[in-house]
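S.K.: Quick one, what's the 3D model for this:
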Amino acid sequence: MKHSTFTELLESHRDRVYTQALYSLRDARDAEDVAQEAFLRLWRQGDAVPADKVAPWLAHVTRNLCIDQCRRRAATRRHLGVAVPEGMDDLVAAAGADDDPLRNLDLDDRQRQLVDALQTLPAETRSVMLMHYYEGRKLADIAAALGKSVSAVKVQVHRARRSLRLAIGNGTAGEAAAERRGWA
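M.R.: Reported below is the predicted structural model:
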């Protein structure tokens with residue numbers, strides 16, 4: 001794709017792409033990132049996208065990038081317990097005024113325990129766990145990136161989760177269950 005052609009496409013579609021991303025994500029920084037990634041993908045596609053199909057192609061790519069971003073946010077909150085700044089309003093709205101502040105303090109301790117436990121994993125296993133839970137990647141994508149089978153990645157995730165449970169200690173019930181299973 002010629003530089004001048006790309007510049008024209010950028011000028012004519014950037015507001016629409018940004019607005020679509022902003023509407024979906026409700027965050028200006030994320031919308032800018034998604035718009036930039038969409039146009040980067042357009043640049044990489046070169047002339048593979050016909051000129052009359054650029055607008056629907058960009059809309060489709062932007063939609064998928066927004067979905068991916070929302071999944072990453074959800075995975076961050078769900079699996080690592082880390083609140084992303086963009087989701088802070090949702091967390092505040094979901095929390096009642098009568099919530100126990102000590103419960104939040106325990107959650108922070110739990111987050112620290114998880115981060116410390118992640119550091120005990122081998123580098124590749126830690127990377128797999130972060131790709132799967134933090135970035136929201138599918139196991140098949142991780143397997144392809146690492147040149148492994150999906151089954152091997154599943155086993156790696158399973159063993160890592162077991163190691164993390166043991167490292168964190170999940171309280172006395174978790175330790176008792178680990179002992180019964182012969183993990184401890």
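
S.K.: In this protein, where is pLDDT below threshold?
M.R.: 77-108, 134-135, 170-184 (pLDDT under 70).

S.K.: Let's see that with 90 instead.
M.R.: 1-6, 16, 19-28, 46-47, 49-60, 62-64, 66-68, 70-148, 164-184 (pLDDT under 90).

S.K.: Domain map for it?
M.R.: 3-80, 100-180 (automatic domain parsing).

S.K.: Just send these back as a markdown table, with mean neighbour count too.
M.R.: C-beta: built from backbone N, CA, C; applies to glycine. Output for those, formatted as a markdown table (neighbours: other CB atoms under 10 Å):
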| stretch | mean neighbour count |
| --- | --- |
| domain 3-80 | 15 |
| domain 100-180 | 14 |
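
S.K.: Tell me how far Gln20 lies from Ser4.
M.R.: 25 Å (CB to CB, to the nearest Å).

S.K.: oh sorry, the question was meant for Arg63
M.R.: To Ser4, Arg63 is 28 Å away according to CB to CB.

S.K.: same check, this time on Ala140
M.R.: Ala140 is 39 Å from Ser4, where distance means CB to CB.

S.K.: Helices of this protein, start to end?
M.R.: Secondary structure of the chain by DSSP state H: the helices cover 3-25, 28-45, 54-75, 88-94, 101-120, 123-129, 139-146, 150-168, 171-180.

S.K.: Let me see the backbone angles for Pro50.
M.R.: Backbone torsions of Pro50, given as degrees, to the nearest 10, read phi -60, psi 150.
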